[in-house]
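Let me see the structure of the following:
(2 chains)
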Amino acid sequence: MSIGSFLLRRLGSGALAILGVSILTFGFLHLVPGDPVDHLAGGDAPPGIRLKIEQCMGLDRPLAIQFVSFLGHVADGTLGRQCRNGDPAGPTVAARVREVMPNTLALAVWGMVVAIVLALPLGVLAAIRRGTWLDTLTTTVALSGISIPQMMFAPLLILWGFITLGWFPGPTEVGPRAIVLPALAIGTHLMAMLARMTRSSMVEVLGEDYVRTARAKGLAEGRVLALHALRNALLPVITVAGLQFGSLLSGAIIIENVFARPGLGSTLVDAIKERNYPVVQGAVLVIAAIYVVVNTFVDLAYGLADPRIRRA
Amino acid sequence: MKLSPSAWIGLAMLAAYVAVGILGPVIAPYDLGQPHVELAHQFERGSAAHWLGTDASGRDTLSQLLWGARSALELSVIVVAISSVIGLGIGTIAGWFGGATDEVVMRIVDVLMAFPGILLNIAIVATVAHPGVPLTIGALCANGWVGYARVARGQVLALRERDYVAAAVALGASHRRVMVRHLVPNLMGPAMVQMSFGLGSVIIIEASLSFLGIGPQLDYTWGAMLDQARNFLWNTEWVRIYAVVPGLAITWVVLGANLLGDGLRDRLDPRQRGKR
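Residues are numbered from 1 along each chain as shown, chains lettered A, B, ... in the order given. The predicted model follows:
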């Protein structure tokens, strides 16, 4: 199958899934008991404001029309209005997403950098020294990293790095150094997963015939490990890293919450809490789209890296 | 059953969790069933009266830990039970009948997978102002079944080619009989691996919801304790204990679940042994 038709098919089924998620969200929002205007305006808001918010969200129109108009806003790229004050010319949902996306992106990228820099050496080392204390130590560290909840780890990082030592800026602060603690919090968790993956994949590859062949023909051990083993072992690691990157882009809710960083995830959580229909609908669409696109690219990268998969 | 030492450790850790969860409120030194506030005793360090100290409202930390274990146990067992029964049922049916049934189920699975699960849980729990435990359970089951359905479907697709299944069909067994007598018993192994890992993720998600303040409004759940801890980070001496107590409790359960899950998987697929 050519890359073109593969892409077309994957993005097609992805678009269907996104549409499904949108319909589900829409139906869900309208099934929920309670008036969204109460949440957004407060119960004692003057009727004029209430009416404006209602009209801005399109709640005065039939459900089918509301959904079609949402699709229209997807097509024109605005994703609708935020409707916080009922202002029909107020800020768009797309503007809100654009505003928080750099934060989310920075956190995802730096978290991933921390994770990969730590995980690859650890995983490879554990695989080479399999069965030794080093292996046991790495495996234990990795398993603990997966099991320790971020709700404990991230606050303790703030306690250590900001309150006790004062080395790094605390929550709500901005600037390049403010990313350090959240990136560490995300990175160590991811590191644990990737290190496990790297180790198991490396152990498998080291048992392959082509590694024995490489050693038998007298190649230096470093060359065997780097060129013959690691290159092949990286495939499943790339997959997991890619999928994790996709979920980081959709918002690391806990970390964003602990460090008070506005991001895609926290935007959605806030919007759900205040029943801001247009923002929920728009954020859900963006998150689902990111998921589908990232997953497609991960599969594509997998095929490019391993010719056997492409041909299959 | 022959299990690796680490799997036995995991099983023992989970057994301890179950025991503490059942006995927790009984052996807890203080009754947390009634909300009470004793500001005179807030932020205490460990003492004979309060082994692990007290929280911002003067409640005993050890009692919160034990009561939290009960609430975590109830929720996690019920969610895993409901999700696995629904998921294994749907997956088995989809895999056995194939065709349109399979197509519809897999599209639903795609939709639920095209989205970070915890956001769906949050959306469901946030539908009412004061969510109770049943709603949280429902929210966690709403997408919790998907993993089990995928496992069951994958297994059934392989199992349906087996001779004993073909023999059962040739002997005139009904669909129902084939599924209940021949397919389900043979997919219980992978299902148990999934249940073990599932238990760990339910604990984490439930604690995350309480942490974000959108779970049941119980102030002694482990997630709520962690939420309280991060709100009093400036109280550095106190918070070192108060954050670590529920944090390690969650770690304990998740670690136990992961060790057992890894061990069970190795047992089912010896090729994987020692790799993870």
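
Verify the stated contact: B:Pro116 with A:Ala288.
No - look at B:Pro116 against A:Ala288 with C-beta atoms under 8 Å: they stay out of range, at 9.3 Å. All C-beta atoms are positioned from the backbone trio N, CA, C, and that covers glycine.

what does stretch B:28-45 contact?
Contact with stretch B:28-45 is made by B:25, B:50-51, B:53-60, B:62-64, B:66-67, B:219-220, B:232, B:235, B:237-238, B:241, as judged by C-beta atoms under 8 Å, 6 or more residues apart in numbering or on different chains.

Drop anything exposed from the residues you listed.
B:25, B:50, B:53-56, B:58-60, B:62-64, B:66-67, B:219-220, B:232, B:235, B:238 (16 or more other C-beta atoms under 10 Å in any protein chain shown).

shaky segments in the chain?
The chain I'm using is chain A. A:1, A:33-34, A:42-43, A:251, A:305-312 (pLDDT under 70).

Can you look at chain B instead?
Using pLDDT under 70, chain B drops low at B:1, B:114, B:129, B:270-276.

does chain A sit close to the longest helix along it?
For chain B, the helix with the greatest residue count under DSSP state H is helix B:61-97. No - Helix B:61-97 lies apart from chain A when judged by C-beta under 8 Å from any C-beta of the partner chain; the minimum separation is 11.9 Å.

Report the next helix or strand after that helix in sequence order.
Going down the chain from helix B:61-97, the next helix or strand is helix B:99-113, by DSSP states H and E.

Just the buried residues of the longest helix of chain B, please?
Neighbour-count burial for helix B:61-97 flags B:61-73, B:75-76, B:78-80, B:82-84, B:86-96 (criterion: 16+ other C-beta under 10 Å).

Over to stretch A:121-130?
Result for stretch A:121-130 [16+ other C-beta under 10 Å]: buried residues A:Leu122, A:Gly123, A:Val124, A:Leu125, A:Ala126, A:Ala127, A:Ile128, A:Arg130.

between those residues, which is nearest chain B?
Nearest to chain B among these is A:Arg130, at 7.7 Å by C-beta to the nearest C-beta.

thinking that closest one is in contact with A:Ser200, fair?
No - look at A:Arg130 against A:Ser200 with C-beta under 8 Å: they stay out of range, at 10.5 Å.

re earlier: keep the buried residues of stretch A:121-130, but drop any that are not near chain B.
Filtering the buried residues of stretch A:121-130 for proximity to chain B by C-beta under 8 Å from any C-beta leaves A:Arg130.

So which of the buried residues of stretch A:121-130 sit within helices?
A:Leu122, A:Gly123, A:Val124, A:Leu125, A:Ala126, A:Ala127, A:Ile128.

residues in contact with A:Tyr277?
The contact partners of A:Tyr277, by C-beta under 8 Å, 6+ apart, come to A:Leu29, A:Pro36, A:Met57, A:Leu59, A:Cys83.

in terms of contact, does the last one touch A:Gln55 like I think?
The reference is to A:Cys83. No - under the criterion of C-beta under 8 Å, A:Cys83 makes no contact with A:Gln55, lying 9.1 Å away.

Quick check: closest non-adjacent residue to A:Pro149.
Using C-beta to C-beta, 6 or more residues apart in numbering or on different chains and skipping the chain neighbours, the partner closest in space to A:Pro149 is B:Ile250 (4.6 Å).

Please disregard the earlier target; I meant A:Val294.
Of all residues not flanking A:Val294 in the chain, A:Gly246 sits nearest, at 3.3 Å (C-beta to C-beta, 6+ apart).

swap in B:Glu237?
Nearest residue to B:Glu237, sequence neighbours excluded (C-beta to C-beta, 6+ apart): B:Arg45, at 7.2 Å.

Likewise for B:Ser84?
Computed as C-beta to C-beta, 6+ apart, the closest residue to B:Ser84 that is not its neighbour in sequence is B:Tyr148, at 4.9 Å.

How about the contacts made by that neighbour?
Shown in contact with B:Tyr148 (C-beta under 8 Å, 6+ apart): B:Ser83, B:Ser84, B:Ile86, B:Gly87, B:Leu88, B:Gly91, B:Ala191, B:Gln194, B:Met195, B:Gly198.

what number of residues lie near the residue in the stretch 101-250 of chain A positioned nearest to chain B?
Here the residue of the stretch 101-250 of chain A nearest chain B is A:Met152; by C-beta to the nearest C-beta that distance is 2.8 Å. Residues near A:Met152, counting by other C-beta atoms under 10 Å in any protein chain shown, number 25.

close enough to count as contact, it and B:Ile241?
No - the criterion here is C-beta under 8 Å, and A:Met152 misses it with B:Ile241 at 12.0 Å.

quick one: contacts of stretch B:88-99?
The contact list for stretch B:88-99, computed with C-beta under 8 Å, 6+ apart, reads B:101-102, B:105-106, B:145, B:148-157, B:160, B:175, B:178-179, B:183-184, B:187, B:191.

ditto for stretch A:157-176
Against stretch A:157-176 from outside (C-beta under 8 Å, 6+ apart): A:177-178, A:180-181, A:184-185, A:258-261, B:230, B:233-234, B:236, B:239-240, B:243.

Compare neighbour counts for A:Cys83 and A:Gln55 and give me the winner.
A:Cys83 (27 against 14).
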